[in-house]
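*Asks:* build me a model from this:
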Amino acid sequence: MFSSYIHGLVAAAGLIMAIGAQNAFVLAQGLRREHHISVALICMSCDAVLILAGTFGLAALLQTHPLAMEITRWGGVLFLTVYALQALWRSVSPRGLEAMRAPARSRHAVLLTTLAVTLLNPHVYLDTMVLIGSLAAQHRLPLVFALGATTASILWFTLLALGSARMAPVLKRPLTWRCIDLAVAAMMLTVAWSLAKPALQTLWQA
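*Replies:* You can find the predicted model right below:
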């Protein structure tokens with residue numbers, strides 16, 4: 001049980017930490033202290049719903065279709081490897097994140113923007129429903145894996161929302177993002193190996 005939880009936590013952490021539109025938006029809101037708690041809660045809630053939907057929808061499909069399981073497995077390995085290589089590439093020439101200077105917006109406008117940044121981003125569905133869902137489906141306890149993944153989302157967005165203002169001087173340094181991208185690459189390659197290892201062991205023993 002604990003192993004599935006940790007695997008879910010690590011897999012989701014690597015995906016969520018990758019700098020994208022959603023993370024940049026949450027960071028900017030946190031740096032400005034503009035409805036940042038509500039923004040983080042929306043991101044956490046959307047992640048939780050999509051992770052659970054992907055976990056149980058794909059789990060049911062993959063358990064009854066072994067070929068679909070193998071296609072998903074190697075598709076996940078390929079995606080994770082490419083993701084890791086992209087993070088390594090970003091680490092070569094990192095850029096600091098600057099808070100956008102913009103007029104204050106209403107709570108309603110900020111929340112609508114948060115939903116748009118979250119739900120209109122195809123990578124959100126790929127990361128949560130497809131990738132995390134397929135990883136969870138291959139664990140003995142998919143619900144525990146999903147809970148670990150959801151915990152990673154909660155911890156990350158809490159950190160961004162509550163810690164971004166205090167961390168602003170550090171977050172603006174290119175070196176910080178180089179370290180983050182290197183950590184993301186390491187996590188992604190680790191998860192890719194854990195996903196491919198059972199199939200490779202079976203192949204070698206055959």
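*Asks:* any stretches of the chain with poor pLDDT?
*Replies:* Along the chain, segments meeting pLDDT under 70 span 18-20, 59, 62-63, 94-103, 122, 168, 171-172, 206.
*Asks:* quick one, longest helix in it?
*Replies:* For the chain, the longest helix by residue count, based on DSSP state H, is helix 174-205.
*Asks:* mind listing what's buried in that helix?
*Replies:* Residues of helix 174-205 classed as buried: 176-178, 180-182, 184-185, 187-192, 194-196 (neighbour count, 16 or more other Cβ atoms under 10 Å). Where you see a C-beta, it was placed from the backbone N, CA and C, and this is true even at glycine.
*Asks:* and what of stretch 28-45?
*Replies:* Across stretch 28-45, burial judged by 16+ other Cβ under 10 Å covers 28-32, 34-36, 39-44.
*Asks:* who touches stretch 191-206?
*Replies:* Stretch 191-206 is contacted by residues 7, 10-11, 14, 70, 73-74, 76-77, 80-81, 84, 135, 138 when judged by Cβ atoms under 8 Å, 6 or more residues apart in numbering.
*Asks:* quick one, phi psi at residue 84?
*Replies:* Note on residue 84: backbone dihedrals following degrees, to the nearest 10 are phi -60, psi -40.
*Asks:* how about it, nearest residue that isn't a chain neighbour?
*Replies:* In this structure, residue 84 finds its nearest non-sequential neighbour in residue 188, 3.8 Å apart by Cβ to Cβ, 6 or more residues apart in numbering.
*Asks:* which residues touch the one you found?
*Replies:* Shown in contact with residue 188 (Cβ under 8 Å, 6+ apart): 14-15, 80-81, 83-84, 87.
*Asks:* out of the residues you listed, give me the one that has the most neighbours.
*Replies:* Greatest neighbour count in the contacts of residue 188, by other Cβ atoms under 10 Å, goes to residue 15: 29 neighbours.
*Asks:* gap between that one and residue 35?
*Replies:* To residue 35, residue 15 is 25 Å away according to Cβ to Cβ, to the nearest Å.
*Asks:* list the buried ones in stretch 123-139?
*Replies:* By neighbour count on 16+ other Cβ under 10 Å, the buried set for stretch 123-139 is 124, 127-139.
*Asks:* redo the residues you listed as TSV? Include distance to residue 65 and secondary structure.
*Replies:* Output for the buried residues of stretch 123-139, formatted as TSV (distance: Cβ to Cβ, whole Å; DSSP: H, G, I helix; E, B strand; the rest coil):
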residue	distance to residue 65	secondary structure
124	25	helix
127	22	helix
128	21	helix
129	17	helix
130	15	helix
131	18	helix
132	19	helix
133	14	helix
134	12	helix
135	17	helix
136	16	helix
137	11	helix
138	13	coil
139	17	coil
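*Asks:* ok, residue 74 - contacts?
*Replies:* When contacts are counted by Cβ under 8 Å, 6+ apart, residue 74 touches 196, 199.
*Asks:* next, the angle from the host helix or strand of it to helix 174-205.
*Replies:* Residue 74 is part of helix 66-92, with elements assigned from DSSP states H and E. Following axes from the mean of the first three to the mean of the last three Cα atoms, to 10 degrees, one obtains 150 degrees for the angle between helix 66-92 and helix 174-205.
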